[in-house]
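Q: I need the structure of the sequence given here:
(chains A and B)
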Number of protein chains: 2
Amino acid sequence: MASIAARPTRREQRREETIREIQVLAMQQVAADGPDAVSLNAIARTMAMSPAAIYRYFDSRDALLADLVVTYYDALADALQAATGEWEKPVDQLVALARATRRWALDNPNPYRLIFHTSSGSGQDLAPERTIPASSRSMDVMLGVLAGVASTASDGGASGRDNERLDAQLRAWAARSRLPDLPTRVLELGLICWTRLHGVVSLELGHHLASTGIDPALLYEAEIHMLIREAAGADPR
Amino acid sequence: MASIAARPTRREQRREETIREIQVLAMQQVAADGPDAVSLNAIARTMAMSPAAIYRYFDSRDALLADLVVTYYDALADALQAATGEWEKPVDQLVALARATRRWALDNPNPYRLIFHTSSGSGQDLAPERTIPASSRSMDVMLGVLAGVASTASDGGASGRDNERLDAQLRAWAARSRLPDLPTRVLELGLICWTRLHGVVSLELGHHLASTGIDPALLYEAEIHMLIREAAGADPR
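A: Coordinates of the predicted model:
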C-alpha cells in the first residue's frame, strides 16, 4: 500500500520541522536586518543547537539561501499563474500578471528583497542549477502572456532596432533557461516587462514613491498601459 | 581679511576629519553587510571612541544615514549634470543622462544600494527636509531633458490616459519638491524614466542580468531607445 509506504517516518517529520524552523528564523533575520544578515550560526544559537548540528540540515549559508530563493520564486510563479489563469484575453492576462507581481511583492516584502535586492536570487553566487529553473517559471508565464499580446506582424526587436548581438543573446538565454521558443521580440519584451515592473515595485518597497506623495498604484497602472502599447506595437499616445 | 577669518580652526579641521572617517567606516559597513548593517556603536569601537563621544558628531544613526544619502544624491546629480552638459540636442542629452545613471551606479554600487534599496534614500524615515531637495536635483536634470524631448503637441499623460487623480498628485509632488513647472505629461515621464532606468540597473547590480547571459548594456540601450520614443510620442515600432 503506497500511501502507507510513502508516509514520512517520525524522524523524517522532525527533520522537516527543523528545516522549516531554520527557514522561518532566516526570514526573521532578513526582516530585521536585511538579506545580508542571514547567519547559520546565529540561527543555531537561537535554536539552542551546536553550530556543527545545524550543518546537518544545510551544508552552508548559501544552501539555506538557495532553498529560500527557490521557495519564494515558486510562490511568485504560483501567484502569477493563478492570476493569469482567471482571464482569457492576453491583454487582460498581462494586466492581471502585472498586478499580481506588485501584490505579491507588497504582501511578501522580505522574500521580494531576498530575491531581487541581493545576488542570492540571481543564482550566480549560489546554486544556479536550482535557482534558474525556479526563476524561469515566472518568466514562462510572462512570455506566454506577452506572446499573445505582441503583434506578430512586427519584425525587429521590441526596441525597434535590428540588433543581432542582443537577438543572439536572447536566444541563448531562452535555450539555457528552457524557456519557450519565441520570437526575439517577445523575449526582449519579457525582460523589459520584468525590469519595468521591478523598477516601480522596488522603489515603492523602499518608500521612494511614498516620498513623492504619488499613489504607486496609479503610476504602476500607467506603466502597465504603456507596456501593453509597447507589446501590441500601437501608437504610444 | 575674509580669507583668514574663513579658514577653519584646527579644532574645526579635526572635527571635519572625524566626520569623514565616520562616513568612510559607515560605507565599509554598507559594502560588507548591506545598508541595514550601519551601526554608530560599531564605528565608535573601530575608532576607539566611547559610544557617547560619537554622538557629538552624529545625533543618531539616522543623522549619519541622512548625511550619506545627501552626499550621494549630490554626487549622482553632479554626474548627470556633467553628462547632459556635453550635448545640445535634448535626445542626445537623454541618452547621456541615462548612460551616466548606469555608469554612476556601477561605479558606486554601495552608495546606489544605500540610496535606492533602503528606505533611507526616500527620506521618509529620516530627514525629508534634507533628502528630498537632494534627490530633486537629479530629477530636475531629468525633467529638463525630458521637457525638451517630449512632444508638446501631445495632450493627456505619458500613459495616454486622462487621469485627473494622477495629474493632481504629479502637480503636488512637483510643487512640494520645488521641481520646475512642467506639463503633467513631462512629470509623469520623469517618474517613468526614473523607475525604468532603476529597474534595469538594480537588477544588473544584483547580478540578475548576468544570470541571463545578456549584456546589460544592450538591454539598457534598448530601454533608452523605447523611452525616447515614449517621450517623443512616435510610433513605438
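
Q: Okay, A:Leu106 and B:Asn163: tell me how far apart.
A: Using C-beta to C-beta, to the nearest Å, A:Leu106 is found at 21 Å from B:Asn163. All C-beta spots, glycine's among them, are computed from the backbone N, C-alpha and C.

Q: Show me which of the two is the more surrounded one.
A: Between A:Leu106 and B:Asn163, B:Asn163 has the larger neighbour count (other C-beta atoms under 10 Å in any protein chain shown), namely 19 against 14.

Q: where do the helices sit along chain A?
A: Here chain A has its helices, by DSSP state H, at A:2-6, A:10-33, A:40-46, A:51-54, A:61-85, A:90-107, A:109-116, A:128-149, A:164-176, A:184-205, A:216-232.

Q: list the helices and strands the second one packs on?
A: Read that as helix A:10-33. Judged by 3 or more C-beta pairs under 8 Å, 6 or more residues apart in numbering or on different chains; DSSP states H and E, helix A:10-33 is in contact with helix A:40-46, helix A:61-85, helix A:109-116.

Q: Let's test this: mean pLDDT of that helix, rounded?
A: Mean pLDDT, computed over helix A:10-33, is 92.

Q: Run through who's touching it.
A: Contact with helix A:10-33 is made by A:8, A:37-39, A:42-43, A:46-47, A:54, A:57-58, A:64-65, A:67-68, A:71, A:110-111, A:113-114, B:34, B:36-37, as judged by C-beta atoms under 8 Å, 6 or more residues apart in numbering or on different chains.

Q: Just name the most buried of the helices of chain A.
A: helix A:184-205 (a mean of 25; mean count of other C-beta atoms under 10 Å in any protein chain shown).

Q: just the angle between that one and helix A:216-232, please?
A: Put simply, helix A:184-205 runs at 170 degrees to helix A:216-232, going by axes from the mean of the first three to the mean of the last three C-alpha atoms, to 10 degrees.

Q: what's the spacing between the closest residue to A:Pro133 other than its chain neighbours and chain B?
A: Nearest residue to A:Pro133 in three dimensions, chain neighbours excluded: A:Arg178, at 7.1 Å (C-beta to C-beta, 6 or more residues apart in numbering or on different chains). Relative to chain B, A:Arg178 is positioned 13 Å away (C-beta to the nearest C-beta, to the nearest Å).

Q: How about A:Pro111?
A: For A:Pro111 relative to chain B (C-beta to the nearest C-beta), the value is 14 Å.

Q: Just confirm that residue contacts A:Val70, I think it does.
A: No. The pair A:Pro111 and A:Val70 fails to qualify as a contact (C-beta atoms under 8 Å) at a distance of 11.3 Å.

Q: OK, now which residue of chain A is nearest to chain B?
A: For chain A and chain B, the shortest gap (C-beta to the nearest C-beta) falls at A:Gly199, measuring 2.6 Å.

Q: which residues touch the closest residue to A:Pro180 other than its chain neighbours?
A: Distances taken as C-beta to C-beta, 6+ apart place A:Leu143 nearest to A:Pro180, at 6.0 Å, with adjacent residues excluded. Residues counted as contacts of A:Leu143 (C-beta under 8 Å, 6+ apart) are A:179-180, A:182, A:186-187, A:190.

Q: Just send the residues you listed back as JSON lines, with pLDDT too.
A: Formatted as JSON lines, the contacts of A:Leu143 follow (pLDDT from 0 to 100):
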{"residue": "A:Leu179", "pLDDT": "90"}
{"residue": "A:Pro180", "pLDDT": "88"}
{"residue": "A:Leu182", "pLDDT": "93"}
{"residue": "A:Val186", "pLDDT": "94"}
{"residue": "A:Leu187", "pLDDT": "95"}
{"residue": "A:Gly190", "pLDDT": "95"}
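
Q: Show me how chain A divides into domains.
A: Chain A breaks down by automatic domain parsing into domains covering A:1-58, A:62-232.

Q: Low-confidence ranges, chain A, go.
A: A:1-5, A:123-125, A:151-162, A:234-237 (pLDDT under 70).
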